[in-house]
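In: prediction below, plus the sequence it came from.
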Amino acid sequence: MPPTNGASDLIPIWRASRSGGGSLAAPYTTQLQAGLGLVSETKALLDLWLPGMAASQLQEAARKSGRFPTITARRLRNIVTECFGPRYLAAGASPAAHMKLLSKALPTAELMQLMLIFTCRANPILGDFVRKVYWPRYAGGYQEITNDDAHAFVERGIDDGKTSKRWSATTVRRVSAYLTGCCADYGLLEKGLRSTRRILPYRITSPVAGYLAYDLHFAGVGDNALLAHDDWQLFGMSREDVLEELKRLSLKGHVIIQAAGDVVRIGWKHQSMEALCDVLSKG
């Protein structure tokens, strides 16, 4: 597997995922139109992918595998180059390497949570939608999220200069549907072709929390900054929630927590992401 414990490899991913504007914020794009959650397709591609394999090689391997009989060659190319590649082949393909190992052991529901993280990092518009629309609605006791809610969010983002240029009304409408559809694929909203979707209960699992904590740590995020990182907000977690989750991880031997007031120090028991993934894959 490619090395993953160097900060220079992983920093571009989490930097691109940070919300709130500024020089580190990546612009909103329409890339989700190439594919939403793609849960089953991602699992199949991870099975075919080998360390060192580029997107073009994976595309050819997928075409020859016979595992995508209903997908055209052009559609398969879009899935690999515009979806799988940006999500899992970034940072020296470390996400793909980790997901390939974990996909053999973790249930699909937990893999979907990891997919949410990587998809939001590659598509900041989705991450911001989850943080700024889904979770406030969830916390406010709302039962549903509509495409109109997503539409208002997209238009607000355009007005705030988060896109490189203004989108047409048709593009805004389509991207709005992509956002709710992707949330449904990953289990935050109910599935089905509909413009109004029911909000589903959603909570980070322990293996995913452990993975995310270590991923941020090896990306060079300091212990205190780690607790407030934007990625935790994809799961509706505040700094206090993250600290409690890390305390639970400490009971499982993954970390050592020392907390005194607002200062937190974390002892990291695993020396690499590969070591962590190996432990997680064994339960």
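Out: Sure, I can see it.
In: list the contacts of the longest helix along the chain.
Out: Secondary structure of the chain per DSSP state H: the longest helix is helix 169-185. Residues outside helix 169-185 that contact it (Cβ atoms under 8 Å, 6 or more residues apart in numbering): 30, 32-33, 36-39, 112, 119, 125-126, 129-130, 134, 145-148, 150-151, 153-155, 158, 167, 189-192, 195, 197. C-beta: built from backbone N, CA, C; applies to glycine.
In: and if we set it to 6 Å?
Out: In this structure, residues lying in contact with helix 169-185 by Cβ atoms under 6 Å, 6 or more residues apart in numbering are 30, 32, 36-37, 126, 129, 147, 150-151, 154, 189, 191, 197.
In: spatially, which two of these are the most separated?
Out: Pairwise distances across the contacts of helix 169-185 (Cβ to Cβ) peak at 22.1 Å, for the pair Thr30 and Lys191.
In: phi first, then psi, for Arg198.
Out: Backbone geometry at Arg198, expressed as degrees, to the nearest 10, gives phi -70, psi 140.
In: phi, psi of the closest residue in space to it that isn't next to it in sequence?
Out: Distances taken as Cβ to Cβ, 6 or more residues apart in numbering place Glu190 nearest to Arg198, at 4.4 Å, with adjacent residues excluded. Per-residue torsions, Glu190: phi -70, psi 150 (degrees, to the nearest 10).
In: wait, doesn't Glu190 sit right on Arg197?
Out: Yes. At 5.1 Å, Glu190 and Arg197 qualify as touching, with contact defined as Cβ atoms under 6 Å.
In: the two: which has the busier surroundings?
Out: Arg197 (21 against 16; other Cβ atoms under 10 Å).
In: can you give me phi and psi for the more buried one?
Out: phi -120, psi 140.
In: excluding chain neighbours, what is closest to it?
Out: Leu189 (3.9 Å).
In: quick check, pLDDT for that neighbour.
Out: pLDDT for Leu189: 98.
In: ok, what's across the strand from it?
Out: On the basis of DSSP bridges, Leu189 is bridged to Ile199.
In: what about the helices in the stretch 1-150 of the chain?
Out: All helices of the stretch 1-150 of the chain, identified by DSSP state H, counting those that start in this stretch, fall at 7-17, 39-48, 55-65, 73-78, 85-88, 90-102, 108-122, 124-129, 135-139, 147-159.
In: average pLDDT for the shortest one?
Out: Same thing as helix 85-88. 98.
In: try the fourth one
Out: Helix 73-78 carries an average pLDDT of 96.
In: so how far is it off the chain centroid?
Out: 22 Å (Cα atoms, centre = their mean, to the nearest Å).
In: so where's the chain shaky on pLDDT?
Out: Low-confidence segments of the chain (pLDDT under 70): 1-24.
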